[in-house]
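[1] Next comes the sequence, and after it the predicted model I'd like to discuss.
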Amino acid sequence: MYSNNRFKFRRSRFGHSNHGSFYRGNTSRGNFRNGGRKSKLLGQDINMFIKKAKPIDPTETPIAHSTFNEFFLSESLKQNIAKKGYVKPTPIQDQAISPILKNKDLMGTASTGTGKTAAFLIPIIDKIYKNKKDKAIIITPTRELAVQINDELKNLSFNMGIYSTVVIGGENIRNQIRCLQRNSQVVIGTPGRIKDLLKRNALSLKNFSIFVLDEVDMMVDIGFIQDIKYFISLLPQVRQSLFFSATIPPKVQELLKTFVKNPITISLKKQDTSENVDQNIVRVINKNKKIEQLHELLIKDGFDKVLIFGRTKHEIERLNKELISRGFKSGSIHGNKSQGQRQRVLQNFKKNNLQILLATDVASRGIDIDSVTHVINYDLPQTYEDYIHRIGRTGRANKKGVALTFID
């Protein structure tokens, strides 16, 4: 039997952790690596993980200056937007849709969960619907995000005669080639698979008039910048380029500006982390009993839909098997699983057939899962940007969420 009393937050009278700095003693404990990246969190103050959520006012909605009816969109698209339940555009949609419709290059930055995907899909669908010669290629860092964007595209373009192909690793490339031969107007894919298709002459970029990079900073950070430059060299000189992310550091922004012409820049990120997320830490009492502390959290009331992040795919899989052996309904997604396995686990989590989803950072970018009650950083993220994206999986759509970070 696991007691709920063994886990406690230690707080000062101000509600913050009373543990001082992030690491104690030999700070090399934090010097872990992932793909050659040294942690930028080394030596950071522990209070960076502690922040109370702002109370949610149910009458408070994001300020937007337009309704979807005020945009010059086709009636079919407006009907599909209404079917999705979208009443007013979010701020990023409000400011991005009109410039994209006017063929402007655009760089958009907004916090996670603010509707960035629809901000570029809505005008792209409208442009293609009105001019069938237009074609768009959308490049994302992860397979899951590519599939999610395609699902959103299908819903928004229902009965509009717009066809898409998803090209990602982990799926049969021959099937993807056959789909490409049907002349899809929208191609959505990851850099590795797109590069494979280019080498096989199964994909040509010269006819794509719209080029979208989603989650830009992650693609640059994990080493895809040379691939991106290569793709851009194959695109037509006259094109529209759209770059979106939750975070675009200044150095990355300067680099991206070399790929665009007189871009519209939209930056709506007012704070690093969502004000709907209540953030706190879990001090690990004993490394050998870290799993016990996690167990005691997961059996508490309110931990209904929990996303747990770990450092490596091997550690995630071991933790998943341990939680299943303890009776939890748990699943995992990581690089050692096929795309089909990952999608099945994600769907079960979305449908509430699983209480817990364990993941590496492959799931922290852009994945939209309704009503995640808690994000738990079982292992520390590599960078503060990774932390922002991880905890952005909760506290979405004006709902409150909780983020907890385990600290050794």
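    Ah, there it is.

[2] quick one: low-confidence ranges for the stretch 301-408 of the chain?
    Scanning the stretch 301-408 of the chain for pLDDT under 70 picks out the ranges 362-366, 397.

[3] now the strands for it?
    Counting by DSSP state E, counting those that start in this stretch, the stretch 301-408 of the chain has strands at residues 306-309, 330-333, 356-359, 374-377, 401-407.

[4] What of the stretch 1-150 of the chain?
    33-34, 37-38, 106-109, 136-139.

[5] Lowest average confidence across the ones you listed, which one?
    In terms of mean pLDDT, the lowest-scoring of the strands of the stretch 1-150 of the chain is strand 33-34 (a mean of 34).

[6] thought residue 197 was touching residue 179?
    No. Assessed by CB atoms under 8 Å, residue 197 is found out of contact with residue 179, at 10.9 Å. All C-beta spots, glycine's among them, are computed from the backbone N, C-alpha and C.

[7] what about those two, which has more around it?
    residue 197 (20 against 16; other CB atoms under 10 Å).

[8] so who does the more buried one touch?
    Residue 197 makes contacts with 167, 173, 176, 177, 180, 189, 203, as judged by CB atoms under 8 Å, 6 or more residues apart in numbering.

[9] isn't there a helix covering it?
    Yes. Assessed by DSSP: H, G, I helix; E, B strand; the rest coil, residue 197 belongs to a helix.

[10] how much space between it and residue 130?
    28 Å (CB to CB, to the nearest Å).

[11] any chance of the strands of the stretch 301-408 of the chain in JSON lines, with mean neighbour count too?
    Output for those, formatted as JSON lines (neighbours: other CB atoms under 10 Å):
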{"stretch": "strand 306-309", "mean neighbour count": "26"}
{"stretch": "strand 330-333", "mean neighbour count": "25"}
{"stretch": "strand 356-359", "mean neighbour count": "25"}
{"stretch": "strand 374-377", "mean neighbour count": "24"}
{"stretch": "strand 401-407", "mean neighbour count": "22"}
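
[12] can you redo those as JSON lines with distance to residue 48?
    Formatted as JSON lines, the strands of the stretch 301-408 of the chain follow (distance: least, CB to CB, whole Å):
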{"stretch": "strand 306-309", "distance to residue 48": "16"}
{"stretch": "strand 330-333", "distance to residue 48": "27"}
{"stretch": "strand 356-359", "distance to residue 48": "22"}
{"stretch": "strand 374-377", "distance to residue 48": "12"}
{"stretch": "strand 401-407", "distance to residue 48": "9"}
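
[13] Compare these and report which one is nearest to residue 82.
    For residue 82, the closest of the strands of the stretch 301-408 of the chain is strand 401-407, at 27.6 Å, according to CB to CB.

[14] Who does that closest one pair with, and is each partner parallel or antiparallel?
    Its sheet considered, strand 401-407 pairs with strand 277-283 (parallel), strand 374-377 (parallel) by DSSP bridges.

[15] Averaged over its residues, which helix or strand of the protein has the lowest pLDDT?
    strand 33-34 (a mean of 34; mean pLDDT, DSSP states H and E).

[16] what's the farthest-apart pair in the contacts of residue 197?
    The widest separation within the contacts of residue 197 (CB to CB) is 12.3 Å, between 177 and 189.

[17] Same drill for these two, tell me which one is more crowded.
    The neighbour count for residue 177 versus residue 189, taken as other CB under 10 Å, is higher for residue 189 (25 against 15).

[18] Quick check, that one in contact with residue 168.
    Yes. Using CB under 8 Å, residue 189 makes contact with residue 168 at a distance of 5.8 Å.

[19] Spit out the residues that contact those two alike.
    Joint contacts of residue 189 and residue 168 (CB under 8 Å, 6+ apart) are residue 146.

[20] Now do the same contact list for residue 307.
    Residue 307 neighbours (CB under 8 Å, 6+ apart): 356, 357, 359, 363, 369, 372, 374, 375, 376, 393, 394.

[21] starting at the chain centroid, how far to stretch 111-118?
    Chain-centre distance of stretch 111-118: 9 Å, with CA atoms, centre = their mean, to the nearest Å.
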